[in-house]
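*Asks:* what's the 3D shape of this:
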Amino acid sequence: MKDLAEILEEELSEAVEVKNPKSLHRYISLLTGNYVEQNIHDRQYNELSSSNKEMLASMKEGFRRMDERFAAQDKRFEALQKQMDERFTSQERQIDRQYKLISLGFTAMVLVIAAFNLTIILS
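*Replies:* Model (predicted):
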């Protein structure tokens, strides 16, 4: 920056009539100081912008992975629900069969008792 300040001071002193060299030096110092501060500001802004972009990309990646996890959990839940439905259907069929067998057994017992009573009545 000192080189830039010296070059500007020399060029400006040659271009115009300098009444006060100290004032010219202060002016150039202020001008280059603002330029340096602007460069620092721009660099910090670019670093912050880059950091924000990286953070945004990281967040998007995290959300994508969470979506994949939720999708996997949904598939597992659906598979578990299907398995439970199959078990309940199987249990329902087994209970229906048992009910039919019990009904058939009671019907057979009632018929045997009725036949026995009929033979007793007819004898």
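*Asks:* Show me the longest helix that occurs in this structure.
*Replies:* helix 21-122 (DSSP state H).
*Asks:* and residue 28, how many neighbours does it have?
*Replies:* Counted by other CB atoms under 10 Å, the residues lying close to residue 28 total 20. Any C-beta I mention is one placed from the backbone N, CA and C, and that applies to glycine too.
*Asks:* In terms of pLDDT, where does residue 96 sit?
*Replies:* You'll see residue 96 listed with a pLDDT of 95.
*Asks:* For it, give its distance to residue 102.
*Replies:* Taking CB to CB, to the nearest Å as the measure, residue 96 and residue 102 are separated by 11 Å.
*Asks:* same deal with residue 120?
*Replies:* From residue 120 across to residue 102, the span is 27 Å (CB to CB).
*Asks:* ditto for residue 62
*Replies:* 59 Å.
*Asks:* Distance of residue 121 relative to residue 115?
*Replies:* 11 Å.
*Asks:* three-state assignment of residue 19?
*Replies:* coil (DSSP: H, G, I helix; E, B strand; the rest coil).
*Asks:* Show the model's pLDDT score for it.
*Replies:* pLDDT, read off for residue 19, is 77.
*Asks:* For it, what are phi and psi?
*Replies:* With angles defined as degrees, to the nearest 10, residue 19 sits at phi -90, psi -30.
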